[in-house]
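Q: One predicted model, sequence on top.
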2 protein chains.
Amino acid sequence: MFPKATLERLKLYHRLLSEEKEEYISSEEIGGRLGIPPEQVRKDLSYLEYKGKPKVGYHVKSLLDELNRLFGLDKKVKVIIVGAGNLGTALTNYPGFSNYNIEIVGIFDKDPAKIGKKVGDLVVLPMEYLERVIKRFNVEIGAICVPKESAQEVANLLVENGIKAIWNFAPALISVPEYVIVRNEDITLGLLSLKHMLEVKNTQSKQG
Amino acid sequence: MFPKATLERLKLYHRLLSEEKEEYISSEEIGGRLGIPPEQVRKDLSYLEYKGKPKVGYHVKSLLDELNRLFGLDKKVKVIIVGAGNLGTALTNYPGFSNYNIEIVGIFDKDPAKIGKKVGDLVVLPMEYLERVIKRFNVEIGAICVPKESAQEVANLLVENGIKAIWNFAPALISVPEYVIVRNEDITLGLLSLKHMLEVKNTQSKQG
DNA sequence: TAGATTGTTAATCGATTAACAATC
DNA sequence: TAGATTGTTAATCGATTAACAATC
């Protein structure tokens, strides 16, 4: 397939194109807005089936369609969320997901105080309902929004019940069988990057 | 300095070492747990001042100290959060931040219904207090937890008030002067990765 | 000492950049 | 047609891997 780095940039192009109002866009324009050299943009897009038009640029809608297909956005995917704390609630209520053709069909918690509470259109269910909901709605993705101490336990439960991919928001390493996809969204890693950049900048300004 | 890819892995080593109970750890062990070849681990660690001991491995505490210094975790940094919705609340209440030597000193919202509400030990303040809090506490990082429509507006406000780094949780591109550091935590990009991996796996299993 | 593990140099691989040809 | 922009090939650069020397 294409380079890992290219895939990362294709995600950025996708976001940019989703908000683009013009009919055509050039590699110069895309690159300029994202801070990426236009040659790189063209190279990246050359991996796709869709071809741009010399002198005109890339047809936004066609290119977006191609990227949607690539990212599987043309197929609906069901998601459940485990953990009805602030993060799980934020995720459930996130307004942008409809654009990505995913549907949140359940939110779970083990805390009796949270069970029965309404979160958006959903009602927080006890963990015992996990299996039923996964099977009934054919859920493919499970999001882990529990404290890191319970992350592995929840991961095991999701795997046992046939979930295909885990979206892990807990700042913890989880181990799963190799056939299960894991995507980690550990904000503490982001924080390390930020602090590092601040640190580098501070020491540079002292030296320079 | 060292490669960008190395820095990313150093963050993973940092997280792993923070939870390690043994006194020494080998590159084999680190790599095994993170799915990284041990040669790569040694190469990465060779960029640091700290040296491991042949036949013994790396002294966990010393290595962690070195990484803490590298990431600027030995210096306290103040953070404010703009947006007191579920995400801003989740971030404010996040229990792990004390380990990273950051302190959340304020949470802001423009919604009168949210102002005055308690979030952890803090009280949600109106936007007018932003400047005062930033100056008073010498705040370096501002986290944007508002809907994407307001993200740029908030970013401008933060920049005007002298914030050094922006931690952007809104799924939007924001533009800031080049001297301001931006770290984007756009979960919609993570979602694209997940859907792509599912898509690839599904088409592979159909073909294979 | 022998053996295990780190550290480093060289070789390979992959990604980016530059140059230019193709094309509308 | 001339000019602008894409697409592609080749050259460069950077990161990973392999091999092995250093060392406790």
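A: In hand now; what should we look at?
Q: quick one: average pLDDT of the lengthiest helix in chain A?
A: Ranked by residue count under DSSP state H, the longest helix found in chain A is helix A:187-207. Averaging pLDDT along helix A:187-207 yields 89.
Q: which residues touch stretch A:127-147?
A: With contact meaning C-beta atoms under 8 Å, 6 or more residues apart in numbering or on different chains, stretch A:127-147 is reached by A:77-85, A:87-88, A:91, A:102, A:105-106, A:108-110, A:125, A:151, A:154-155, A:157-158, A:161-170, A:174, B:95, B:194, B:198. From N, CA and C alone the C-beta is placed, and that goes for glycine too.
Q: Quick check: strands, which of the residues you listed are part of them?
A: A:77-82, A:102, A:105-106, A:108-109, A:125, A:165-168 (DSSP state E).
Q: and the gap between the closest residue to residue A:97 other than its chain neighbours and DNA strand C?
A: Among residues not flanking residue A:97 along the chain, residue A:104 sits closest, at 6.9 Å (C-beta to C-beta, 6 or more residues apart in numbering or on different chains). From residue A:104 across to DNA strand C, the span is 33 Å (C-beta to the nearest atom of the strand, to the nearest Å).
Q: Burial check on residue A:104, number of neighbours?
A: 21 (other C-beta atoms under 10 Å in any protein chain shown).
Q: before we move on, what about residue A:95?
A: 10.
Q: now swap in residue A:183 and tell me
A: Counted with other C-beta under 10 Å, residue A:183 comes out at 19.
Q: ok now do it, which residues does it touch?
A: Residue A:183 neighbours (C-beta under 8 Å, 6+ apart): A:165-168, B:190, B:193-194, B:197.
Q: That one in helix, strand or coil?
A: Per DSSP: H, G, I helix; E, B strand; the rest coil, the local secondary structure of residue A:183 is strand.
Q: give me the beta-bridge partners of it?
A: Following DSSP bridges, residue A:183 is listed with bridge partners residue A:167.
Q: On the pLDDT front, check it for me.
A: On the pLDDT scale, residue A:183 gets 96.
Q: and residue A:112, how many neighbours does it have?
A: 8.
Q: my bad, should have said residue A:77
A: For residue A:77, using other C-beta under 10 Å, the count is 21.
Q: pretty sure it contacts residue A:102?
A: Yes. The pair residue A:77 / residue A:102 is scored as a contact, 5.0 Å apart, by C-beta atoms under 8 Å.
Q: any common contacting residues for the two?
A: The contact lists of residue A:77 and residue A:102 share A:141, B:195, where a contact means C-beta under 8 Å, 6+ apart.
Q: mind listing what's buried in the longest helix of chain A?
A: Using 16 or more other C-beta atoms under 10 Å in any protein chain shown as the test for burial, helix A:187-207 gives A:187-199.
Q: Against which helices or strands is the lowest-mean-pLDDT helix or strand in chain A packed?
A: Least confident helix or strand of chain A, by mean pLDDT, DSSP states H and E, is helix A:187-207 with a mean of 89. Where contact means 3 or more C-beta pairs under 8 Å, 6 or more residues apart in numbering or on different chains; DSSP states H and E, helix A:187-207 is packed against helix B:4-18, strand B:165-168, strand B:181-184.
Q: That one vs DNA strand D: in contact?
A: No. Using C-beta under 7 Å from any atom of the strand, helix A:187-207 stays clear of DNA strand D, coming no nearer than 15.0 Å.
Q: contact partners of the longest helix of chain A?
A: A:171, B:1, B:7, B:11-12, B:14-15, B:70-73, B:75, B:77, B:91, B:94, B:96-97, B:100, B:102, B:140-141, B:164-165, B:167, B:181, B:183, B:185.
Q: now stretch A:27-34
A: A:9, A:12-13, A:16, A:36-42, A:45, A:52, A:57-58, B:173.
Q: dump the residue contacts of residue A:13.
A: A:30, A:34, A:41, A:44-45, A:63, A:67.
Q: Please narrow those to those residing in helices.
A: Going by DSSP H, the helices hold A:30, A:34, A:41, A:44-45, A:63, A:67 from these.
Q: Same list, those, but only the ones touching DNA strand D.
A: Near DNA strand D, by the rule C-beta under 7 Å from any atom of the strand, you find residue A:45 out of the ones in helices among the contacts of residue A:13.
Q: Out of the ones in helices among the contacts of residue A:13, which end up buried?
A: By 16+ other C-beta under 10 Å, those give A:30, A:41, A:44-45, A:63, A:67 as buried.
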